[in-house]
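1. dropping the sequence and predicted coords here.
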Amino acid sequence: NKDYAYSIAQKVSLLDLKKYLVEDLSVYARELQQNLYAVELGVTQIEKVVQQLEEHNKGGEFNAIRQFALLRHLYSDWPQWLQFMRQKVASAWQIHAQEIRPYLPTKDDFDEACQVIYILIDVYGLSVEDFSRGLINGKQYTSKSFDLMDCSALARHGFEQRYFDLAEAWFEAIRADNDELHRVMGYDWAHVLQLYARNLYNLGKKELALEVLQKALSLGTDNHRILRQLKLMERGELVPMELEREGQVVNYAEGCRGLFDPPKGLSCHYDFHTHPLLRLAPLKVEPLHREPYIAMYHDVIYESEIEELKRDAMPDLKRSKVLDLSRGEVPDHGRTSMSAFQDYDQSKAVIAVNRRVMYMTGFEVLRGGSSDDLLVINYVPGAQYMPHRDFFGPTYKHYIERGDRIATTLFYLNDVEQGGNTVFPDLGISCTPKKGSAVVFHNMNSTYQGEMRSTHGGCPVLVGSKWAATKWIYGAEQMFQWPCVKPK
Ligand SMILES: O=C(O)CCC(=O)C(=O)O
Ligand SMILES: [Fe+2]
């Protein structure tokens, strides 16, 4: 897996690769053109030979010279022509293609790319028809439409992953079309229709499934298998496959789509008190929830700091991981951002931002265990952080020295064209990323217990890209900052 689906940097190199392939293909075309001339010569030569042969058959005089020419031609020229067709014409192209091969996306990369499309359609409830034409929530983004091959690859992926309900629209998109493209690329169109039928059948749409199988039969390939499937379906002897439903969290999609009501009974204010310095420069606070505490802070990071953070992080971006208490840091399909930790004093920007987190939250943000290093994160379309909790619980390896992650500060480093909200599904709160703002939230309650309602997720980016920076704050150093723990 080369992270082609989720990496902002790799998308650029993928573009390079495509340019390279196009260049290569034009070299190949030029080469073909040159060879075409040779082939045309060859054709003329063969035509001449055939003509001579015909004349000979019509009773022209027997001629040793002609005879020899014919024989020699068939003996030595012809195999050469064959060889020429097989090798020479394609050679340069083949060598290049081999060189490029290691850089081409793998099956894993391709599956992730399909997954991106499925996530977006699912979470945002998009119409496949509009989406495949580049029309997203009423805005036209690209003139490029998905072609038949794109749609059929997506249909197949949905079927394989058992997202039958979502796959149906992709099958529908290719249904009406007659199969020129599929034939050209050597696609087994009857097989695609068979999958479509099975997909319908799994959704309980038996009649439609049978109709599609009839169409597959009319193509006249692999009829034996299709007939067998038809019989089984008709008799109801085929067991429908079960729909994959993993990863759906109540209210997450609603929050991502911005369907929550705005919070009530809380008003914006200036914070003069959390840190003495704020008397000079108060913070603009937009409270969103009281317990657990959630609030947006506006204008808390400068443009120049944002640029510095992004610039430093860019070359180090790696696929984000999650802490699994038994396995350690592991990649996770629920967290598909790319990110890079910034050392405590890596740059002026990091130092300033760390200090600002202290002013904002009132917690100590010291070198060492009181917080994780600032993590700069990038999400490309489809990338998300599925709902999760930031605290670990008492089984965390460093629970005694570090405590747990009591609070999180998440800075938004850009405006996102569409998508990318931070959603608290249990509380009905959804924050739209706004450049320069940050959301602060507490993950534990006042008795130092994990707060389950602090569950939150970063919605998939729909259009554009999302840059953010996270600071997770730990409990152990906060004995003077955290409210007294009531004894049980
Ligand atoms: O990107 C987001 O909106 C959420 C990020 C998050 O949950 C985290 O970094 O812990
Ligand atoms: Fe989080």
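-> Noted; the coordinates are in hand. Numbers count the residues shown, from 1 in each chain. Ligands and ions are numbered 1, 2, ... in the order given.

2. what are the ranges of the helices in the stretch 351-488 of the chain?
-> In the stretch 351-488 of the chain, the segments counted as helices under DSSP state H, counting those that start in this stretch are 399-402.

3. what residues does it put near ligand 1?
-> 385, 390, 408, 410, 422, 456, 458, 468, 470 (CB under 6 Å from any ligand atom). Using the backbone N, CA and C atoms, a C-beta is placed for each residue, glycine as well.

4. how many other residues sit next to residue 365?
-> 22 (other CB atoms under 10 Å).

5. quick one: contacts for it?
-> The contact partners of residue 365, taken as CB atoms under 8 Å, 6 or more residues apart in numbering, are 354-355, 357-358, 371, 471, 473.

6. from ligand 1, how far out is it?
-> Counting by CB to the nearest ligand atom, to the nearest Å, the gap between residue 365 and ligand 1 amounts to 16 Å.

7. pull the contacting residues for the residue nearest to that residue when sequence neighbours are not counted.
-> Leaving aside its chain neighbours, residue 365 sits nearest to residue 358 (4.5 Å; criterion: CB to CB, 6 or more residues apart in numbering). Contact analysis of residue 358 by CB under 8 Å, 6+ apart lists 275, 364-365.

8. if I look at residue 358, how far off is ligand 1?
-> Counting by CB to the nearest ligand atom, the gap from residue 358 to ligand 1 is 19 Å.

9. repeat for residue 298
-> In terms of CB to the nearest ligand atom, residue 298 sits 16 Å off from ligand 1.

10. touching, that residue and residue 286? I think so.
-> Yes. Between residue 298 and residue 286 there is a contact under CB atoms under 8 Å: 6.7 Å.

11. looking at those two, which one has more neighbours?
-> Neighbour count, other CB under 10 Å: between residue 298 and residue 286, residue 286 has more, with 17 against 13.

12. just give me how far stretch 421-431 sits from the chain centre.
-> Computed by CA atoms, centre = their mean, to the nearest Å, the chain-centroid distance of stretch 421-431 equals 22 Å.

13. kindly apply the preceding question to stretch 209-221 instead.
-> Taking mean C-alpha positions (CA atoms, centre = their mean), stretch 209-221 and its chain are 33 Å apart.

14. list the buried residues for that stretch?
-> By neighbour count on 16 or more other CB atoms under 10 Å, the buried set for stretch 209-221 is 209-210, 212-213, 216-217.

15. distance to residue 462 and secondary structure for these - can I get that in CSV?
-> Converted to CSV, those look like this (distance: CB to CB, whole Å; DSSP: H, G, I helix; E, B strand; the rest coil):
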residue, distance to residue 462, secondary structure
209, 33, helix
210, 37, helix
212, 32, helix
213, 36, helix
216, 35, helix
217, 40, helix
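
16. distance to residue 190 and pLDDT added to those residues, as TSV?
-> As requested, those are arranged in TSV below (distance: CB to CB, whole Å; pLDDT from 0 to 100):
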residue	distance to residue 190	pLDDT
209	15	97
210	15	97
212	11	94
213	10	94
216	5	89
217	8	91
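
17. wait, a strand at residue 340?
-> Yes. Counting by DSSP: H, G, I helix; E, B strand; the rest coil, one finds residue 340 located in a strand.

18. so what's the closest residue in space to residue 132 that isn't next to it in sequence up against?
-> Once flanking residues are discounted, residue 132 sits nearest to residue 146: 4.0 Å by CB to CB, 6+ apart. Residues near residue 146 by CB under 8 Å, 6+ apart: 132-133, 154, 173.

19. the stretch 1-150 of the chain: helices as residue ranges?
-> Going by DSSP H, counting those that start in this stretch, the stretch 1-150 of the chain shows helices at 8-57, 64-72, 78-86, 91-100, 107-124, 128-131, 148-160.

20. which of these comes out lowest on mean pLDDT?
-> Per-stretch mean pLDDT for these is lowest at helix 64-72 (a mean of 57).

21. just to revisit the earlier point, mind telling me the two of the contacts of residue 146 farthest from one another?
-> 133 and 154 (14.0 Å; CB to CB).

22. the more surrounded of these two?
-> Neighbours per residue, other CB under 10 Å: of residue 133 and residue 154, the larger number sits with residue 154, 25 against 16.

23. distance of the closest residue to that one other than its chain neighbours relative to residue 192?
-> Residue nearest to residue 154 in three dimensions, not counting chain neighbours: residue 170, with 4.5 Å by CB to CB, 6+ apart. Relative to residue 192, residue 170 is positioned 10 Å away (CB to CB, to the nearest Å).

24. quick check: the gap between residue 351 and residue 113.
-> For residue 351, the distance to residue 113 - CB to CB - is 38 Å.

25. residues near the residue in the stretch 351-488 of the chain that ligand 1 sits nearest to, how many?
-> Going by CB to the nearest ligand atom, ligand 1 is nearest to residue 458 of the stretch 351-488 of the chain, at 2.7 Å. Close neighbours of residue 458, defined as other CB under 10 Å, add up to 28.

26. per-residue pLDDT, it?
-> Model confidence at residue 458 (pLDDT) stands at 98.

27. tally of neighbours for the closest residue to it other than its chain neighbours?
-> Using CB to CB, 6+ apart and skipping the chain neighbours, the partner closest in space to residue 458 is residue 385 (3.8 Å). For residue 385, the count of nearby residues is 22 (other CB under 10 Å).
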